[in-house]
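Engineer: Just to be clear, the model below is a prediction. Sequence and coordinates:
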Amino acid sequence: MRMKIRKKYFAAAALFMAAAVFLGGCAGNNDIKAAADTAGAAGSGAADEETPAAKTPGSNAADTENSSAEITEAETLETETPEAEITAADAADTETPASEPADTEPSSAAPVPDAPDTDDILICIDPGHYAGSYTMTGENIYGYTEGDFTLRLALRLRQILNEQYGIHSILTRETGSITLGGYTNGELDGGHISLRGEYARGCSYFISLHTNANEDNANGFPTCQQPASITKAIVIVNQPALQSETALRMAEAIGRNLSDINFRLGLSATDAFAGISSGEPVIEWTKEKNDQLNAEGFICQRLGSHGDYYGVLRGSANAGVPGMIVEHGFHTVAKMRRLAMEEDLCELWAGADARGIAEGLGIQAAAPSP
């Protein structure tokens, strides 16, 4: 567009100068894509064999994304209320700009390049699971279901990306159900899960949205009554993302923004998020790191015998697209469930994700309309 403007400018200038020569003797020269079957691609049926049969709180990965499993919660009272708690609305009003906490920046981060043309960018957003999957029962559940919440989160994220940053995106599902390649719902949370990642073929980046879980009775607490101090933002990247400075900047910015929000809401014990120093390898995901208390958030990878462990990340890698799973917080913390269902946690997390995506791309928010 800028080139076209310049050409029009120079053409107009040339006509003006020619007129001047004639009149006064002056002289002058001047999706998009289609889902692909994973059979035979980087593992086909075996490609998802590392995905546990059901995602319970102990599966740790809102993320192996398998068949729906009901979680039973011990009937204990919520114990994670922090000493100085603020509301979700307060956090929105007092939120520190994501670029401020210099101590969480990479020690030798690469400079952000000139902002790209947003018309050249397309984000594939995957709302993890499907409606009704990973529903919990017991005390202090507040009606939370991961598969329903991630859709709300994805729809709001798409809207913010478009309206505030001019970034376009597509979703792997826009309703409670998901159908790709002739498979639906549970089939796309299990043996054919990589189709969700392969849906990103032709896109710039793939982002799968989730909330996290822990091992059964982790840290000596009931499975679904974990203290807020277990909460940490975790971003799991695939192999193409490891080769992309932009994807890694994006992953870090998302994690940093989420860590700030979670701390301000009293959902975590720290706002720290580990940056990636130049030349240092990305750490490997472990159950111990996932369930650790009072720990900073981090970027990690998880590998299996067929490449990326998680099917959605393996699928986007098959499509040649840098991808990541974003674990926003732990739905095994009762306060997180309450804020998700009764207050505006979805709005705050969607905003944090959008800012992180834009920061990673070097895109500024559009000025508000007068």
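Structural biologist: Perfect, thanks for sending it. Residues are numbered from 1 along each chain as shown.
Engineer: Tell me the bridge partners for L180.
Structural biologist: The bridge-partner assignment for L180, based on DSSP bridges, gives Y183.
Engineer: List the contacts of it.
Structural biologist: Going by CB atoms under 8 Å, 6 or more residues apart in numbering, L180 touches A35, T172, L188, H192, L195, R196, Y199. For glycine as for every other residue, the C-beta is placed from the backbone atoms N, C-alpha and C.
Engineer: The last one contacts T172, correct?
Structural biologist: Translated: Y199. Yes - under the criterion of CB atoms under 8 Å, Y199 makes contact with T172 at 5.1 Å.
Engineer: Might one say that L151 is in contact with G132?
Structural biologist: No - applying CB under 8 Å, one finds L151 not in contact with G132, separated by 11.0 Å.
Engineer: More neighbours: these two, which one.
Structural biologist: L151 (23 against 15; other CB atoms under 10 Å).
Engineer: What is the burial count for the spatially closest residue to that one that is not a sequence neighbour?
Structural biologist: Closest residue to L151 apart from its sequence neighbours, by CB to CB, 6 or more residues apart in numbering: P127 at 4.4 Å. Using other CB under 10 Å, P127 has 29 neighbouring residues.
Engineer: residues in contact with P127?
Structural biologist: Contacts of P127 by CB under 8 Å, 6+ apart are G147, T150, L151, L153, A154, L155, L171, T172, R173, L209.
Engineer: neighbour-wise, which of these leads?
Structural biologist: For the contacts of P127, neighbours were counted using other CB under 10 Å, and T150 has the most, 28 neighbours in all.
Engineer: quick one: buried residues of the helix or strand harbouring that one?
Structural biologist: Take DSSP states H and E as the rule and T150 turns out to sit in helix 146-165. Across helix 146-165, burial judged by 16 or more other CB atoms under 10 Å covers 146-158, 160-161, 164-165.
Engineer: Just list what it packs against, helices and strands only.
Structural biologist: strand 122-127, strand 168-171, strand 205-212, helix 345-361 (3 or more CB pairs under 8 Å, 6 or more residues apart in numbering; DSSP states H and E).
Engineer: Can you show me the helices along the protein?
Structural biologist: Applying DSSP state H to the chain gives helices spanning 2-24, 44-47, 88-94, 146-165, 194-198, 239-242, 245-264, 287-291, 311-318, 334-342, 345-361.
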